[in-house]
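Peer 1: coords below, sequence missing:
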């Protein structure tokens, strides 16, 4: 009988963690110990998890990210001298026979060092989220296997470059030879680098299609902060951790120099701001957690006056206005017709504007000497030309909204045509 230690990292999601623990305990082959690492949660996670007697709870005093949290758990797990360590995201839930089939893979292929899962969409168990992935060597990125395809019902085993850390079974020999994840990655590309390092040491990474876990899809648009980790950590991997010389040259010439020169003219100018920050931190050796005050996020001040664009969907204007009102900020909501004015006038300060340049210029000069921020849509319109300080709301934060040269020119051309 093999000795397996499960490691889960929790950050402000105690009920997800409890659900993951329940799924582990329902496995046909149970781990001998479940270690939960709380990554300095700011909610009541610790008090909730302390009441779960099936686990060993470790409390990190600072948030070490996914990689640092897993390493804390791996270090504790190795003290038990296990045969395998099982890493799990707290929002990933293994099928009842995951561990049985993952262990069978090690038995069938003795050169295996890591076994992943056929990860299925947690909301649709017939759709694949990922069957492992391979690292690209002609551009920055990865090639996920099976993403958005139908669930694989046949039994076979794939050899891949890496598997996501959301459900990963690792042999003790690998951990003692290769080491764990690299703490300074914090989030993203830590499992890619780990899989690459495992392969470089002569172990193989495999996925057994019968070893199944469930996780949400990875397809949602990433926030600017997530993009920062993706860019910084992918640059770190290709430039410093991989041994592919040709790729290092490509990254420097195309992904850094060419992007910096051309991205101000693109439709996604925020990317170049993120790249500047990611590259600067990388070259200064400032890895691990991003500063809490990333310059693409607005620190909301009570001295500023917020203007909610009439181009924002009405529902978004109401949500943002409610938040600003609760925090007693100065703001006004722009509306473009009598219907919207009637719905909002009794709740918030409202200004009606016609969609014409004269109305916008009047609006601009009426706020010329105040500290104002226009909260606009994800795309651009004529208002964006007039307001120096712009932001858009991504559902959680106000994100600075840089205006690229090409977008500026397109707005002018479209305005002339209309």
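Peer 2: Right, received. Where do you want to start? Please read all numbers here as calculations on a predicted model, not as lab measurements. Numbering: from 1, shown residues only.
Peer 1: The residue nearest to the spatial centre of the chain: helix or strand, and which one exactly?
Peer 2: Centroid check for the chain by Cα atoms, centre = their mean gives residue 226 as the closest residue, at 4.3 Å. Secondary structure assignment for residue 226, by DSSP states H and E: helix 224-236.
Peer 1: List of residues touching that helix?
Peer 2: Contacts with helix 224-236, where a contact means Cβ atoms under 8 Å, 6 or more residues apart in numbering, come from 140-141, 185-190, 193, 222, 251, 255-256, 270-271, 274-275, 277-279, 281-282, 287, 290, 294, 296-297, 394, 399. C-beta: built from backbone N, CA, C; applies to glycine.
Peer 1: For residue 161, give its distance to residue 167.
Peer 2: 17 Å (Cβ to Cβ, to the nearest Å).
Peer 1: I misspoke; the intended subject was residue 403.
Peer 2: Taking Cβ to Cβ, one finds residue 403 at 42 Å from residue 167.
Peer 1: try residue 29
Peer 2: 15 Å.
Peer 1: just residue 78 next, same as before
Peer 2: Going from residue 78 to residue 167 by Cβ to Cβ gives 20 Å.
Peer 1: ok, the two, which is more surrounded?
Peer 2: Taking neighbours as other Cβ atoms under 10 Å, residue 78 and residue 167 compare with residue 167 leading, 28 against 15.
Peer 1: and the closest residue in space to that one that isn't next to it in sequence, how many residues sit next to it?
Peer 2: Distances taken as Cβ to Cβ, 6 or more residues apart in numbering put residue 213 closest to residue 167, at 3.9 Å, once the chain neighbours are dropped. Neighbour count for residue 213, taken as other Cβ under 10 Å: 25.
Peer 1: Kindly provide the whole-number mean pLDDT of stretch 26-39.
Peer 2: Averaged across stretch 26-39, the pLDDT comes to 94.
Peer 1: err, stretch 136-151, not the other one
Peer 2: 94.
Peer 1: all strands of the stretch 101-250 of the chain, in order?
Peer 2: Using DSSP state E, counting those that start in this stretch, the strands found in the stretch 101-250 of the chain span residues 112-121, 124-130, 133-135, 142-144, 157-160, 167-171, 204-215.
Peer 1: can you list these in CSV and add distance to residue 7?
Peer 2: As requested, these are exported to CSV (distance: least, Cβ to Cβ, whole Å):
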stretch, distance to residue 7
strand 112-121, 14
strand 124-130, 20
strand 133-135, 22
strand 142-144, 23
strand 157-160, 21
strand 167-171, 10
strand 204-215, 14
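Peer 1: which stretch among the ones you listed comes nearest residue 34?
Peer 2: Residue 34 lies closest to strand 167-171 among the strands of the stretch 101-250 of the chain, at 14.1 Å (Cβ to Cβ).
Peer 1: partners of the closest one in the sheet?
Peer 2: With DSSP bridges as the test, strand 167-171 is paired with strand 84-89 (antiparallel), strand 112-121 (antiparallel).
Peer 1: could those strands be laid out in CSV, adding mean pLDDT, distance to residue 59 and mean neighbour count?
Peer 2: Listed next are the strands paired with strand 167-171 as CSV, based on pLDDT from 0 to 100; distance: least, Cβ to Cβ, whole Å; neighbours: other Cβ atoms under 10 Å:
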stretch, mean pLDDT, distance to residue 59, mean neighbour count
strand 84-89, 97, 18, 26
strand 112-121, 97, 27, 26
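Peer 1: Pull out the buried residues from stretch 167-174.
Peer 2: Buried residues in stretch 167-174, counted by 16 or more other Cβ atoms under 10 Å: 167, 168, 169, 170, 171, 172, 174.
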